[in-house]
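Chemist: Just to be clear, the model below is a prediction. Sequence and coordinates:
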Amino acid sequence: MSEERTVEKIQKLTEKRKTEKVEQFLHDKDVEVVKAAIAGLAIIRDEKSFNLLSKLIDHENLEIRKAAIVAFANTGTEQARSFLQLLLSKETDESVKEVTSKALREFKLK
């Protein structure tokens, strides 16, 4: 399946709030597919998606980590804000710190 079709499938699963089905795409080889799944989890905003996003913040791939930070912030929960503030205080990678700072500045409770 092409990347574009896979992303469309993720979007449809997101609309149906199918967290477990979206989760399967977190292990894809294509980073763009993984990022689409991450964005979908932020939209679903259930407990399982929240937990999955929090684990991805420690991913070895910086692109995936940054996408998870933005998605985590987009959940708009107080728990997400606290988690990101803690991450900012202990993060060592400057690019991740920059994304985290920006996410916190733009943070809005939902």
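Modeler: Received the coordinates, thanks.
Chemist: hey, let's count contacts and neighbours off CA atoms from now on
Modeler: Will do.
Chemist: can you give me how far stretch 44-54 is from the chain middle?
Modeler: 9 Å (Cα atoms, centre = their mean, to the nearest Å).
Chemist: what sits up against it?
Modeler: For stretch 44-54, contacts defined as Cα atoms under 8 Å, 6 or more residues apart in numbering pick out 14-15, 17, 19, 23, 38, 41-42, 68-69, 71-72, 75.
Chemist: how about that stretch: buried residues?
Modeler: Ile44, Arg45, Ser49, Phe50, Leu52, Leu53, Ser54 (16 or more other Cα atoms under 10 Å).
Chemist: which element is the spatially closest residue to Ile64 that is not a sequence neighbour on?
Modeler: Of all residues not flanking Ile64 in the chain, Lys35 sits nearest, at 6.5 Å (Cα to Cα, 6 or more residues apart in numbering). Assigning secondary structure by DSSP states H and E places Lys35 in helix 31-44.
Chemist: What average pLDDT does the helix or strand that comes right after that helix get?
Modeler: As assigned by DSSP H and E, the chain's next helix or strand after helix 31-44 is helix 47-56. Averaged across helix 47-56, pLDDT comes to 94.
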